[in-house]
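Trainee: this is a predicted model, with the sequence first.
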Protein chains: 2
Amino acid sequence: MSTSQPRLLIVGGVAGGASAAARARRLSEDAEIIVFERGPYVSFANCGLPYHVGGEIAQREELLLQTPKSLKARFNLDVRVRSEVVGIDREHREVLVRDLDAGREYRERYDALLLSPGAEPLRPPIPGIDRPGHFTVRQVPDVDAIRSWIEEKQARRAVVAGGGYIGLEMAEQLHRRGLEVSVVEAMPQVLGMLDPEMAAWVQMELQARGVRLFLSDPVAAFAEPQTGENAAASVVVLRSGRRLPADIVILALGVRPETRLAREAGLKLGGCGGIQVDETLRTSDPHIWAVGDAIEVRHLVTGRPVLLPLAGPANRQGRIAAANMLGGDERYPGSLGTGIVRVFGLAAAGTGANEKMLQAAGMAYEAVHLHPPSHAGYYPGATPLSLKVLFDPQSGRLLGVQAVGKEGVDKRIDVFATALKAGLTVDELAELELAYAPPFGSAKDPVNLAGMAAQNVRRGLVRLAQWSDVAKLDPERQVLLDVRTEEEHRAGAIPGAIHIPLHELRRRVEELPRDKEIIVHCQSGQRSYYACRFLAQRGYRVRNLTGSYRTWKAGQLAAQTG
Amino acid sequence: MSTSQPRLLIVGGVAGGASAAARARRLSEDAEIIVFERGPYVSFANCGLPYHVGGEIAQREELLLQTPKSLKARFNLDVRVRSEVVGIDREHREVLVRDLDAGREYRERYDALLLSPGAEPLRPPIPGIDRPGHFTVRQVPDVDAIRSWIEEKQARRAVVAGGGYIGLEMAEQLHRRGLEVSVVEAMPQVLGMLDPEMAAWVQMELQARGVRLFLSDPVAAFAEPQTGENAAASVVVLRSGRRLPADIVILALGVRPETRLAREAGLKLGGCGGIQVDETLRTSDPHIWAVGDAIEVRHLVTGRPVLLPLAGPANRQGRIAAANMLGGDERYPGSLGTGIVRVFGLAAAGTGANEKMLQAAGMAYEAVHLHPPSHAGYYPGATPLSLKVLFDPQSGRLLGVQAVGKEGVDKRIDVFATALKAGLTVDELAELELAYAPPFGSAKDPVNLAGMAAQNVRRGLVRLAQWSDVAKLDPERQVLLDVRTEEEHRAGAIPGAIHIPLHELRRRVEELPRDKEIIVHCQSGQRSYYACRFLAQRGYRVRNLTGSYRTWKAGQLAAQTG
């Protein structure tokens, strides 16, 4: 900055904006820093909002991390809530601010301006979408209103429109409050960050807990209840014709970046509709920076611009933008899109690219599926983790990981996210030295096992079949072999599979046809790998069904709903 | 191998040996593979042994992962238990095997020999160490004997000699069985992988659970009980003169590599007393490989040879040696020594080098201490993690991490271990994109915060003071400033500190002396960093007490016992 007392204005006082303001002060006592927040609160825990609906976060005050007063005392910040920035005069470097309580407008000059307006919930033009009893979840007052409505109307039945992060968190919390919950999703799966056979585990969990799930069935209309349809809010009418009476409706249909201010000021937007910034988070105007859910970032795996409305990146971007607004040169190289959500007893997480994204980007990949125990199998309480690891079969570069399970999902996804950021290959995953004691892991951690499974493919020790290949098998040329135990086979099998338990395979190998490709499976893919190695060395043409029976079973569910 | 049917002999059938045998078979159906195990079991869960003593692993069978029969059926392995290899004839490439049951000896020829004999518990020449009722914990029969002794003698009081991993796991499990437990340790701290102020948390936990702890007080003798001293085993006499009557004594005084066979065969040993191997895990004899607790490995941070008796590395080494015995060229670059142990409600973990190791290696380092919440503070159940991160202040290279806490320790240590392996700098830690939802983490994860704290040092934004500096302060030149709240200060303070809460600092700054260096502290080091930034920009000479009151408090305990 050329001035000795630079004036920093910040639009938006939650994740990115609040981080930027605090860091700017730590870097410069001289700067004048003003934060404008349209809502009544700053620096609140937006990711915690659903948990207050269900009472898991019992005290509303817990959500309010800072106040204008505390930020003034601690950081000498001038924080103005209920203050909406309605225009930017780039030529004179001024913003036009509307004081929502006083009803007046005024101008403030800036040396550097930061836009951190966030993203707004989508409200597509579905008939009746604006009826009373419909709520989005973005601000603390939204949660107040939801809680009040539930109490006043003694709401019994909830419909959540949208099966993304917020939709599923709200479904769980409404269920926790005792409501009957239906989740309605236009796509054939929940949680778009996951590929369908991984999302299937979450769908099973929702249904096991009594949440009704309607996939591939978008909302056609929010109708006024007819006589006999007892619904305090609307009757949610699906494309299939199904009618779901709802005492409350949560609209969790996704978000879009808030770009009105940027657009009207003539700042460049990107192809995904977010504000375009360079690596220093500067917009097309050299005096204006932007961070958070409103911007497009580069995806670190595909290299493509993406919208990733996530709190972690927003906070880090805020820190970086603050330094750069004060003359620094810090960089934000891009995002992996690491995300996690708890859905009742399961955690579901992803980092990097999923299969859909790699296909869209035209990138070559191979997928391994695993179901290792969350910690040493001989120590009580181990549960299977479902892992999907995507990698470049040529270079071995890790491309993306998805994980679902009851325990240890967050740990493994964080290790994978670190490996992705560091550019590790799958071979290096096999070498990671992770902490092992029976309550926490295994001598070969699931991450190591994933690396080894991928390494075996890369080294030509095994070829893989995917769950989706099974439906396409040609019985003239191919045969399925199940090497599980008698008990496992009886409990559920893939139709048409020959069954020879692994421990009998060496003496019964002659029962297998010499002239067909053998697709081997067990429960998770490990024993079938052993069988593949044996058979391959005996001259059989074999492929290992990666993820084996478990992944195939989840894939069946995904295919049904798809 | 030159022969078409190579003969692989493996000495030791647990972690490394069992992994090697199974992988060798997957790589070669032609190889003849014989595993010799001195004990009655192969491939058992040695890390699970303590948990069976306390009944957490209720069924003894859970510990027995494979049998010779199952390994024969699954992998066509010739596994011979109760078979001790007593000599190696390197010239003729033969081993001499003693069949412990039949009492006969025979020879077996090898093309490639793998030594995986493990490490044996130390039994230093302390008077009375071989008295009855004294047990080491290495094999399944050891645990059988411990359980029988406790039942037969109706043991009430246990003394565990040694405060390492196994000692503390045994202490917890004996306590779980209802015994009164004393832990006796010659060193001034438990868990040598931790630096003393980190081990202090574990010591507090042991004492809080009612385990008696005697530090800096080695066993002088195991004496026969005198009249009136009711002790089914021994009276453990400490150097201090204290006498601890014990119905059972666990000897957990550390382990040493089993090298007798290697030494007698003339194989090179290293300076730490382990078998010396190259990166391909080959010994000084080109036909003999060695893995696991018996070998020395290169420490990946210090570059020095070390003994690291850990299951994970042993398993990975077994895989690598198997490939190399069959003509492969896989490498084991070294170990980080990543380890974790659960001690009642705490987990304590480390990876890379600790301060003691860095000092011994003459490496420059800086240490940051943090106490962030295990997950978002506004979501219920968050507990503080104590983190110590060591890094090279010049290059920013991460050198080592220690973590202690109730929740999320295993996750963070695994992320740090991955970062260490990948050679990330502390700056890159700040950028990691880890999974955040309120039940699992924070928008700024503890790993990010550690990276930021280190980065602030590297960038010259703050200078640090360490807990151990406080006792050496010169009141003529230095002053302590506590910026915590009134309540926190009243609950416990560092003697002599000036107290000005952070939110009052801006208006009360004139109370501080201009001519002295100000060491600022809060509870964990974050608010004091804010204060440091403010004061530094106002022209004060300041340092931030890293880890602040919490680390200082733990350090006091460490200093008392030291």
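Mentor: Nice, thanks for sending it over. Given the structure is predicted, the values throughout are model-derived calculations rather than measurements.

Trainee: how far does stretch A:116-136 stretch from start to finish?
Mentor: Start and end residues of stretch A:116-136 are separated by 20 Å (Cα to Cα, to the nearest Å).

Trainee: can you give me how far it is from the chain middle?
Mentor: Centroid separation for stretch A:116-136 versus its chain: 21 Å, with Cα atoms, centre = their mean, to the nearest Å.

Trainee: domain map for chain A?
Mentor: Following automatic domain parsing, one gets these domains for chain A: A:7-118+A:256-325, A:134-253, A:345-458, A:464-561.

Trainee: got the ones you listed as a markdown table, with mean neighbour count and mean pLDDT columns?
Mentor: From N, CA and C alone the C-beta is placed, and that goes for glycine too. Formatted as a markdown table, those follow (neighbours: other Cβ atoms under 10 Å in any protein chain shown; pLDDT from 0 to 100):
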| stretch | mean neighbour count | mean pLDDT |
| --- | --- | --- |
| domain A:7-118+A:256-325 | 21 | 96 |
| domain A:134-253 | 20 | 97 |
| domain A:345-458 | 23 | 97 |
| domain A:464-561 | 19 | 96 |
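
Trainee: mind giving me JSON lines with these and columns for distance to B:Met187?
Mentor: Converted to JSON lines, the domains of chain A look like this (distance: least, Cβ to Cβ, whole Å):
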{"stretch": "domain A:7-118+A:256-325", "distance to B:Met187": "40"}
{"stretch": "domain A:134-253", "distance to B:Met187": "47"}
{"stretch": "domain A:345-458", "distance to B:Met187": "21"}
{"stretch": "domain A:464-561", "distance to B:Met187": "42"}
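
Trainee: got the residues of the stretch 1-150 of chain A near chain B?
Mentor: A:15, A:25-30, A:45, A:47-48, A:51, A:56-58, A:62-63, A:65, A:70, A:73-76 (Cβ under 8 Å from any Cβ of the partner chain).

Trainee: now the nearest residue to A:Val255 once chain neighbours are set aside: phi and psi?
Mentor: Sequence neighbours aside, A:Ala119 is the residue nearest to A:Val255 in space, at 3.8 Å (criterion: Cβ to Cβ, 6 or more residues apart in numbering or on different chains). Backbone torsions for A:Ala119, taken as degrees, to the nearest 10, come to phi -130, psi 150.

Trainee: how about the contacts made by A:Ala119?
Mentor: By Cβ atoms under 8 Å, 6 or more residues apart in numbering or on different chains, the contact list for A:Ala119 reads A:255-258, A:293-294, A:307, A:309.

Trainee: where do the strands sit along the stretch 351-500 of chain A?
Mentor: Assigned by DSSP state E, counting those that start in this stretch, the strands in the stretch 351-500 of chain A fall at A:366-370, A:386-391, A:398-405, A:464-465, A:478-482, A:498-499.

Trainee: same deal with the stretch 151-300 of chain A?
Mentor: So, for the stretch 151-300 of chain A - with DSSP E, counting those that start in this stretch - the strands run A:157-161, A:180-184, A:212-214, A:219-223, A:234-238, A:243-246, A:248-251, A:255-257, A:288-290, A:297-298.

Trainee: how far does the first one sit from the chain's center?
Mentor: Think strand A:157-161. 21 Å.

Trainee: so that strand versus strand A:219-223, what angle?
Mentor: 140 degrees (axes from the mean of the first three to the mean of the last three Cα atoms, to 10 degrees).

Trainee: please enumerate the helices of the stretch 101-250 of chain A.
Mentor: With helices called from DSSP state H, counting those that start in this stretch, the stretch 101-250 of chain A shows them at A:140-153, A:165-176, A:196-208.

Trainee: so can I have JSON lines of those helices showing distance to B:Gln189?
Mentor: Formatted as JSON lines, these follow (distance: least, Cβ to Cβ, whole Å):
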{"stretch": "helix A:140-153", "distance to B:Gln189": "47"}
{"stretch": "helix A:165-176", "distance to B:Gln189": "43"}
{"stretch": "helix A:196-208", "distance to B:Gln189": "44"}
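
Trainee: out of those helices, which gets nearest to B:Gln556?
Mentor: Between B:Gln556 and the helices of the stretch 101-250 of chain A, the shortest separation by Cβ to Cβ is 41.8 Å, and it involves helix A:140-153.

Trainee: what lies in contact with the closest one?
Mentor: Under the contact criterion Cβ under 8 Å, 6+ apart, helix A:140-153 has outside partners A:39-41, A:44, A:49, A:52-53, A:60, A:63-64, A:133, A:135-137, A:155, A:177, A:179, A:232-233, A:247-248, A:250.

Trainee: can you do 6 Å?
Mentor: A:41, A:44, A:49, A:52-53, A:63, A:135, A:232, A:247-248 (Cβ atoms under 6 Å, 6 or more residues apart in numbering or on different chains).

Trainee: export the residues you listed to CSV and tack on distance to A:Ala314?
Mentor: Formatted as CSV, these follow (distance: Cβ to Cβ, whole Å):
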residue, distance to A:Ala314
A:Tyr41, 16
A:Phe44, 13
A:Leu49, 15
A:His52, 20
A:Val53, 22
A:Leu63, 17
A:Phe135, 23
A:Ala232, 35
A:Asp247, 34
A:Ile248, 29
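
Trainee: quick revisit: among the contacts of A:Ala119, which two are most distant?
Mentor: Using Cβ to Cβ, the two most remote members of the contacts of A:Ala119 are A:Glu258 and A:Leu307, lying 11.7 Å apart.

Trainee: identify the contacts common to the two.
Mentor: Counting by Cβ under 6 Å, 6+ apart, A:Glu258 and A:Leu307 have no contacts in common.

Trainee: wait, A:Arg533 sits on B:Arg26?
Mentor: Yes. Using Cβ atoms under 6 Å, A:Arg533 is in contact with B:Arg26, at 4.2 Å.

Trainee: name the element A:Arg319 belongs to?
Mentor: With secondary structure defined by DSSP states H and E, A:Arg319 is part of helix A:311-325.

Trainee: which SS class is the residue of the stretch 251-400 of chain A found nearest chain B?
Mentor: Residue of the stretch 251-400 of chain A nearest chain B, by Cβ to the nearest Cβ: A:Ile340 (3.7 Å). Here A:Ile340 takes the strand state, with states given by DSSP: H, G, I helix; E, B strand; the rest coil.

Trainee: is it in contact with B:Ala437, as I believe?
Mentor: Yes. With contact defined as Cβ under 6 Å, A:Ile340 reaches B:Ala437; the gap is 5.0 Å.

Trainee: what's the spacing between A:Leu449 and chain B?
Mentor: Between A:Leu449 and chain B the computed distance is 11 Å (Cβ to the nearest Cβ, to the nearest Å).
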